[in-house]
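In: build me a structure from this.
(chains A and B)
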Number of protein chains: 2
Amino acid sequence: MADPATSPPLTRASVQEALKLIEPHIHKTPVLTNTTLSTLASTPRTSAELEGTPWAGQAPAKPVIRIWLKCENLQRIGAFKVRGAFHAIERLKREPGWEEGGGRERGVVTHSSGNHAQALALAARENGIPAYIVMPTISAAPKIAATKGYGANVIFSGSTSVEREAAATKVIQETGARLLPPYDHPDIMLGQGTLGLELQDQVNSALASSSPPYSSLVDTQTRQLDAIIAPCGGGGMLSGVALSCEGTGIRVFGAEPSYEGADDATRGYYAGKRVESVSSLTIADGLRTPVGIYPWQVIFERKLVSGMYSVTETEIIAALRLVYERVKVVVEPSAVVGLAVALYNEDFRAMVEKEAGEDGWDLGVVFSGGNVSLEALGKLFEG
Amino acid sequence: MADPATSPPLTRASVQEALKLIEPHIHKTPVLTNTTLSTLASTPRTSAELEGTPWAGQAPAKPVIRIWLKCENLQRIGAFKVRGAFHAIERLKREPGWEEGGGRERGVVTHSSGNHAQALALAARENGIPAYIVMPTISAAPKIAATKGYGANVIFSGSTSVEREAAATKVIQETGARLLPPYDHPDIMLGQGTLGLELQDQVNSALASSSPPYSSLVDTQTRQLDAIIAPCGGGGMLSGVALSCEGTGIRVFGAEPSYEGADDATRGYYAGKRVESVSSLTIADGLRTPVGIYPWQVIFERKLVSGMYSVTETEIIAALRLVYERVKVVVEPSAVVGLAVALYNEDFRAMVEKEAGEDGWDLGVVFSGGNVSLEALGKLFEG
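Out: All right, here's what the predicted structure looks like:
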């Protein structure tokens, strides 16, 4: 692993530095608004809707929420993961002795069957560095093809974490390649957090120019982004976004699926102790991992995340449908858990009502990725 | 019908005026780039791919095409149609005597089962004007619900054009509402053409700032948008975009489905005579209409469109799949015919090769809309 001791400090300034390094390689993804979603988020749920939920019988919350969607599903390779991958490689290139010691020729390695695999493959190719990606033999064929399509060497392994790590270790022994993990590393966190800087800039610029559709809803002249909610899997992106907001007054929240205990960070956050393993087959397959050690320091120990919330599989699917039908972008299930919290989690909604009052909040909602197979989509919506 | 004699002249300046009028009501939709699509468009097709096409046995064209996607699928109501609807209503409001004569109370009417229905309903509601939308009884339930959701009065009719027009005439007799047609009117064309102005501005700004991903492919300092290709149904949008480019040197092309004669404008363009009726069930259901009289004057008689091209149903579906998988936005089949031409129509590709040479073209490609049911999508991709 790249030695974390060589990483910049975990501060907002370091996220700003990271953005400068990766800007030539990434898309500044669009921020979309959608009147229907903001109206829904600002409409109290009915008693009927709350039946069968933990909030049955309670008075529904009445928050005012104006939603700003940060579309990292429109990022290169279809997910925010490229931000971390490009940053990790830029940092490697600046590590004393790496280039001179033949680091470039030896390459980089990771084990991932998801978006990080393609992200690292792309970042390595654009830098002329060999990439070795350990993927389980059972990975979906399109993911293997996409990773190979970006020029990576794909090494197959068993699907347990022990088997995957053993395969990666073997690659490192044979090639001298450097391990770049998907989330539990400061360089990855700082790179992934750059989306938070863009989001702040984009929302505040839009508010300053009183652009539609919110100019009629609120006095935009004095407003700024109030909060951001982002999905939390390993927590690299959430902690990076939290760093990007440090000292700005913008509050940051994390969102998780609750299915089969995938809400490990939420449980850990309120119990005061990181949950170290997760075994969930939630539909939000990018969020099946436990939160990492470095992200946890930022999220919990430094309290740069103000709260964690979770949603059910049904709520994720409902949010997914809304996004396809009304926002018209392709998102993977993991991408919409933040939106689902804003729409359906009464604890979150009551908190916004209490904190924001009648003025409400301008809430940045991170859509993390859009890598979903069309066949899977077809099945999801065929009912 | 709003008297076309009161419309501004069909010039670029009038499109600029239209944009000023509608800007507070519409989204400035994002322009996306995608390395995969541009690479595909700039890769010669193989002889095997050309088998079974009209170009079998010919040497494949070798164009260089950098694609810029104007995402009107992310527009309000999910399509460019709101641009025309808002502009038509803004023009009505400025028509001498309309307000004083009770025009606002009498409202507006149209017959449409598609995107124009929702567009006019929204534009009327935001202006506090009643809208009457004549829809065939057989229209899809979600479309009826969406139109009612925007507060319109939905009047049902038979599905032939005679029945629909009779129902609209009855509404006009009973209410005095003004008919606002979906495309064959100067005010609609000028409003829809505003997307062309935005596209020019967005691409030229991006090129000027040498932003990724094209900075490595070409000397961006001296480049500007070279051409635009847009779908052609009734031709309102295509002709409006052509007007938006008049005098700029940017060439404009139209794209149609070829299935069952839906390529009426293409056939008419090269035969020198407008084709007045079309009866096609092409999957690109927004493009089943014949090109209108006013659009035809701009497209053909004034030759502001430099060429018309068509694609097969198979090519449309292939482009659709690429967009979902790689661009991550939800598009309806009609939206991708321009992209399909750039990827698969050898006549177009050979023309670009000849005209653009090694420098290639920066080509604006209009994604016109994203209104497709999830169930229809599921079926399309289940195979």
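In: show me what contacts A:K62?
Out: Contact analysis of A:K62 by Cβ atoms under 8 Å, 6 or more residues apart in numbering or on different chains lists A:44, A:353. C-beta here means a position set from N, CA and C on the backbone, and glycine is covered the same way.
In: show me the shaky parts of the stretch 1-150 of chain A.
Out: A:1-2 (pLDDT under 70).
In: which parts of it are strands?
Out: Taking DSSP state E, counting those that start in this stretch as the criterion, the stretch 1-150 of chain A carries its strands at A:31-33, A:65-71, A:108-111, A:131-136.
In: and those: which comes nearest B:H185?
Out: When these are compared by Cβ to Cβ, strand A:31-33 sits nearest B:H185, at 29.4 Å.
In: so what strands line up beside the closest one?
Out: strand A:65-71 (antiparallel) (DSSP bridges).
In: how about the partner strand as CSV, C-alpha atoms only?
Out: Output of strand A:65-71 as CSV, limited to C-alpha atoms (Å, rounded to 0.1, in the frame of the first residue of the first chain):
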residue,chain,number,x,y,z
ILE,A,65,-35.8,20.7,1.2
ARG,A,66,-34.5,22.1,-2.1
ILE,A,67,-32.6,19.3,-3.7
TRP,A,68,-29.4,19.7,-5.8
LEU,A,69,-28.2,16.5,-7.4
LYS,A,70,-24.5,16.1,-7.9
CYS,A,71,-24.4,13.6,-10.8
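In: sorry, back to before: could you dump the strands of the stretch 1-150 of chain A into JSON lines and include mean neighbour count?
Out: Shown next, in JSON lines, are the strands of the stretch 1-150 of chain A (neighbours: other Cβ atoms under 10 Å in any protein chain shown):
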{"stretch": "strand A:31-33", "mean neighbour count": "21"}
{"stretch": "strand A:65-71", "mean neighbour count": "26"}
{"stretch": "strand A:108-111", "mean neighbour count": "27"}
{"stretch": "strand A:131-136", "mean neighbour count": "24"}
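In: for A:R251, which of those is the nearest?
Out: Among those, strand A:65-71 comes nearest to A:R251, with 13.0 Å by Cβ to Cβ.
In: and for that closest one, what's in contact with it?
Out: Contacts of strand A:65-71 (Cβ under 8 Å, 6+ apart): A:29-34, A:37-38, A:41-42, A:195, A:198-199, A:202-203, A:206, A:214, A:217-218, A:225, A:327, A:329, A:339, A:342, A:349, A:352, A:360-367.
In: check stretch A:310-318 too.
Out: Stretch A:310-318 is touched from outside by A:255-259, A:262-263, A:266, A:282-284, A:319, A:333, A:336-337, A:340-341, A:343-345, A:380, with contacts defined as Cβ under 8 Å, 6+ apart.
In: change it to 10 Å
Out: Under the criterion Cβ atoms under 10 Å, 6 or more residues apart in numbering or on different chains, residues A:52-53, A:232, A:254-260, A:262-267, A:281-284, A:287, A:319, A:333-345, A:347-348, A:380-381, A:383 lie in contact with stretch A:310-318.
In: show me what contacts A:P333?
Out: The neighbours of A:P333, taking Cβ under 10 Å, 6+ apart as the test, are A:231, A:257, A:282-287, A:313, A:316-317, A:319-320, A:340, A:369, A:372, A:376-377, A:380.
In: among those residues, which are in strands?
Out: Counted as lying in strands by DSSP state E, out of the contacts of A:P333, are A:231, A:257.
In: restricted to buried residues, select the contacts of A:P333 in PyMOL.
Out: Buried residues among the contacts of A:P333 (16 or more other Cβ atoms under 10 Å in any protein chain shown), as a PyMOL selection:
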select buried, chain A and resi 231+257+282+283+284+285+286+287+313+316+317+319+320+340+369+372+377+380
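In: re the thing from before, and the buried ones among the contacts of stretch A:310-318, selectable in ChimeraX?
Out: To isolate the buried members of the contacts of stretch A:310-318 in ChimeraX, using 16+ other Cβ under 10 Å:
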select /A:53,232,254,255,256,257,258,259,262,263,264,265,266,267,282,283,284,287,319,333,334,335,336,337,338,339,340,341,342,343,344,345,348,380,381
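In: neighbours of A:T169, how many?
Out: A count of nearby residues for A:T169, using other Cβ atoms under 10 Å in any protein chain shown, gives 14.
In: what comes up buried for the helix or strand harbouring it?
Out: Element membership of A:T169 [criterion: DSSP states H and E] is helix A:161-175. Neighbour counts over helix A:161-175 (16+ other Cβ under 10 Å) mark A:164, A:167-168, A:171-172, A:175 as buried.
In: and what of stretch A:346-357?
Out: In stretch A:346-357, residues buried by neighbour count (16+ other Cβ under 10 Å) are A:346, A:348-353, A:356.
In: mind checking which of the residues you listed land in helices?
Out: Applying DSSP state H to the buried residues of stretch A:346-357, the entries found in helices are A:346, A:348-353, A:356.
In: can you list the residues you listed in a markdown table and add distance to A:G78 and pLDDT?
Out: Compiled in a markdown table, these are given as follows (distance: Cβ to Cβ, whole Å; pLDDT from 0 to 100):
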| residue | distance to A:G78 | pLDDT |
| --- | --- | --- |
| A:E346 | 32 | 98 |
| A:F348 | 27 | 98 |
| A:R349 | 30 | 98 |
| A:A350 | 34 | 98 |
| A:M351 | 32 | 98 |
| A:V352 | 30 | 98 |
| A:E353 | 35 | 98 |
| A:A356 | 32 | 96 |
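In: distance of the residue at the greatest distance from the centre of chain A relative to A:P231?
Out: Largest separation from the mean C-alpha position in chain A: A:E100, at 34.3 Å (Cα atoms, centre = their mean). A:E100 sits 39 Å away from A:P231, taking Cβ to Cβ, to the nearest Å as the criterion.
In: go on, A:G158?
Out: Following Cβ to Cβ, the distance that separates A:G158 from A:P231 is 27 Å.
In: touching chain B at all, stretch A:82-90?
Out: No - for a cut-off given as Cβ under 10 Å from any Cβ of the partner chain, stretch A:82-90 has no contacts with chain B; the smallest distance is 10.8 Å.
In: wait, what's in contact with the nearest residue to A:G234 once chain neighbours are set aside?
Out: Excluding the flanking residues, the one nearest A:G234 by Cβ to Cβ, 6 or more residues apart in numbering or on different chains is A:Y183, at 3.3 Å. Applying Cβ under 10 Å, 6+ apart to A:Y183 gives the contacts A:81, A:84, A:112, A:116, A:189, A:192, A:233-240, A:289, A:291-292, A:294-295.
In: of those, select the buried ones using a PyMOL command.
Out: Applying 16+ other Cβ under 10 Å to the contacts of A:Y183, the buried members can be selected in PyMOL as follows:
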select buried, chain A and resi 81+84+112+116+189+192+233+234+235+236+237+238+239+240+289+291+292+294+295
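In: wait, what's in contact with A:R12?
Out: Here A:R12 is in contact with A:190, A:193, A:196-197, A:242-248, A:304 (Cβ under 10 Å, 6+ apart).
In: and those residues, which are buried?
Out: Buried among those (16+ other Cβ under 10 Å): A:190, A:193, A:196-197, A:242-246, A:304.
In: got the domain boundaries for chain A?
Out: Listed by automatic domain parsing, the domain ranges of chain A are A:6-79+A:187-381, A:80-185.
In: closest to B:L10 out of the ones you listed?
Out: domain A:6-79+A:187-381 (26.8 Å).
In: so A:N345 touches A:W55, yeah?
Out: Yes - with contact defined as Cβ atoms under 10 Å, A:N345 and A:W55 form a contacting pair (8.9 Å).
In: list residues touching both of the two?
Out: A:A61.
In: re the thing from before, show me the contacts of A:Y183 that map onto helices.
Out: Counting by DSSP H, the part of those found in helices is A:81, A:84, A:116, A:189, A:192, A:236-240, A:294-295.
In: any chance of these in CSV with distance to B:K62 as columns?
Out: Listed next are those as CSV, based on distance: Cβ to Cβ, whole Å:
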residue, distance to B:K62
A:K81, 34
A:G84, 37
A:H116, 36
A:M189, 44
A:Q192, 39
A:G236, 43
A:M237, 41
A:L238, 46
A:S239, 48
A:G240, 43
A:Y294, 49
A:P295, 48
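In: I appreciate the help and will end here.
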